[in-house]
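**Q** I'll drop the sequence and a predicted model, then ask my questions.
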Amino acid sequence: MIDQFYADPLSLERLRFGPLGSYIDTFAQVLSAQGYARSTAKVKIREVAGLSRWLHRRRLGVEALDEQSVSEFLRYWCRRGLCRRGTAHTLQGLLRHLRSTGVSRLLASEIEDSAFHAIERDFARYLTQERGLTQATLDNYLPTARAFLSACFGNGPLALNKLDPQNITRFMLRHAHKVSPKRAQLMASGLRSFFRFLYQRGEIARDLATSVPTVANWRLSELPKFIEPEHVERLLKACRQDTPSGQRDYTILLLLARLGLRAGEVVHLELDDIDWEKGEISVRGKSVRQDRLPIPQDVGEALARYLHQGRPRCPSRRVFIRLKAPRQGFTGSAAVDDVFRRALGRAGLSLARKGSHLLRHGLATRMLRGGATLAEIGEILRHQLPSTTEIYAKVDVAALRALALPWKGGAR
């Protein structure tokens, strides 16, 4: 495979020297599949070859390769002035590749820390199989549980039976003020699910879920933040559809604005979710339930154009793919929020809040102003509880003002 990058026989012989020589071709194939530019792939191949020669001089085989030996090599490489910003990332990718093929072993500390990973793995299984939650929810709950365990035990052994309400309170006080009230509520929900899981497994003697503090965020205390319809159109027109990035961003914004999708739903959208014959799209929400939504004409045209012209070729089944290597789906909802923020900048719009959820709220507001009922809005937004849609009743300020009783203490 490296023959595609290097033609000189002596260079090929040098690159394939050492214990990694028989694996460098398959690694180069991975780099090519991930969409790395030719020049970048050649640099990464040379770095792996340098690691292989270093292992040979130390009389180490590929089975001895782990994070510790990679760190030692990086220090040696940097002392020679050869280390670049992406070298560590390259070698981490090599480790993942070798471990996926069963060649390299896990780091000893990872083996000793298997209890931590076993808890996290079983918690994920509990959320999906017993709670019926989706990957989008796991993406929120698992990091919270991981951060909590790290805060309590660090790199030491897990003593789950020693957890108490004080640990929970300290963790929430330390982290809740750094995020929005909604995010803090999500953090609290993740901890409650984690403690119920531990209690059911018998890891803790009492259910600590009741000890998680409640985060104050009165749902109906303010008007929902949304983006006006004229601003939505301005946002869409600011996307350059003659470029792959513009086609992708325009399609994402249309899905948010026309169908009211959540950012996580856009992230996890897959090619198999689009039924072109029926003109429908399958959406995975917060639970295992899948909703099928009709594809409006402008959304369908944008999707078809992006998939045909703008989407990079890669093994991933995700609809929306990173434009830069490694070519893969977005890692989380923050990527969709970044698309929305960049679009705001191009359109010259300055909003107090810049989350992509503003487009979902904008759809609901536009429907309400057009005469739709709250039940109809809840059906489009796929709310499971009618109370979730109640906040949009406050958007029609003129109608609410007409229902308000006159204040007796005011002017007559």
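**A** Alright, I've got the coordinates.
**Q** mind giving me the packing neighbours of the helix or strand where Ser150 lies?
**A** Taking DSSP states H and E as the definition, Ser150 sits inside helix 135-153. Contacts defined by 3 or more CB pairs under 8 Å, 6 or more residues apart in numbering; DSSP states H and E place helix 135-153 against helix 114-125, helix 165-175, helix 181-201, helix 263-267. Heads up, the C-betas are built off the backbone N, CA and C, glycines and all.
**Q** for those, which one sits closest to Asp3?
**A** Ranking these by proximity to Asp3 (CB to CB) places helix 263-267 first, at 37.1 Å.
**Q** only the buried residues of the closest one, if you could.
**A** Ala263, Gly264, Glu265, Val266, Val267 (16 or more other CB atoms under 10 Å).
**Q** nearest residue to the second one in space, please, no chain neighbours.
**A** Closest residue to Gly264 apart from its sequence neighbours, by CB to CB, 6 or more residues apart in numbering: Ala136 at 3.7 Å.
**Q** quick one: low-confidence parts of the chain?
**A** Applying pLDDT under 70 to the chain flags residues 104-115, 217-226, 285-289, 384-412.
**Q** pick out the residue closest to the middle of it.
**A** Gly332 (1.2 Å; CA atoms, centre = their mean).
**Q** close enough to count as contact, it and Asp139?
**A** Yes - contact criterion CB atoms under 8 Å: Gly332 and Asp139 qualify, at 5.8 Å.
**Q** mind listing the shared neighbours of the two?
**A** Gly264 (CB atoms under 8 Å, 6 or more residues apart in numbering).
**Q** tell me where the chain has strands.
**A** 274-275, 280-284, 290-294 (DSSP state E).
**Q** show me what the first one is packed up against.
**A** Think strand 274-275. By 3+ CB pairs under 8 Å, 6+ apart, strand 274-275 packs against strand 280-284.
**Q** counting contacts, what elements does the strand it packs on pack onto?
**A** The criterion is 3+ CB pairs under 8 Å, 6+ apart, and the helices and strands that strand 280-284 contacts are strand 274-275, strand 290-294.
**Q** okay, that strand in CSV with CA atoms only?
**A** Only the C-alpha atoms of strand 280-284 are listed here, as CSV (Å, rounded to 0.1, in the frame of the first residue of the first chain):
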residue,chain,number,x,y,z
GLU,A,280,-39.8,9.8,4.5
ILE,A,281,-36.9,10.1,7.0
SER,A,282,-36.6,7.9,10.1
VAL,A,283,-35.5,9.9,13.2
ARG,A,284,-34.1,8.4,16.3
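**Q** list the buried residues in that strand.
**A** Using 16+ other CB under 10 Å as the test for burial, strand 280-284 gives Ile281, Val283, Arg284.
**Q** residues in contact with the helix holding Ser150?
**A** 116, 119-120, 123-124, 127-128, 133, 158-159, 163, 167-168, 170-171, 174-175, 186-187, 189-191, 193-194, 262, 264-265, 267-268, 284, 286, 332-333.
**Q** what residues go with each domain of this structure?
**A** 2-109, 114-211, 229-399 (automatic domain parsing).
**Q** burial count for His357?
**A** If you count neighbours by other CB atoms under 10 Å, His357 ends up with 21.
**Q** repeat that for Leu269.
**A** Leu269, neighbours per other CB under 10 Å, totals 24.
**Q** phi, psi of Arg59?
**A** In terms of degrees, to the nearest 10, the main-chain angles of Arg59 are phi 60, psi 40.
**Q** how far off centre is stretch 342-357?
**A** With CA atoms, centre = their mean, to the nearest Å as the basis, stretch 342-357 stands 20 Å off its chain's centre.
**Q** quick check: end-to-end length of it?
**A** End-to-end distance of stretch 342-357 (CA to CA, to the nearest Å): 15 Å.
**Q** on that earlier part again, out of the helices and strands packed on strand 280-284, which comes closest to Pro229?
**A** Of the helices and strands packed on strand 280-284, nearest to Pro229 by CB to CB is strand 290-294, at 19.9 Å.
**Q** mind listing what the closest one pairs with, with the direction of each?
**A** With DSSP bridges as the test, strand 290-294 is paired with strand 280-284 (antiparallel).
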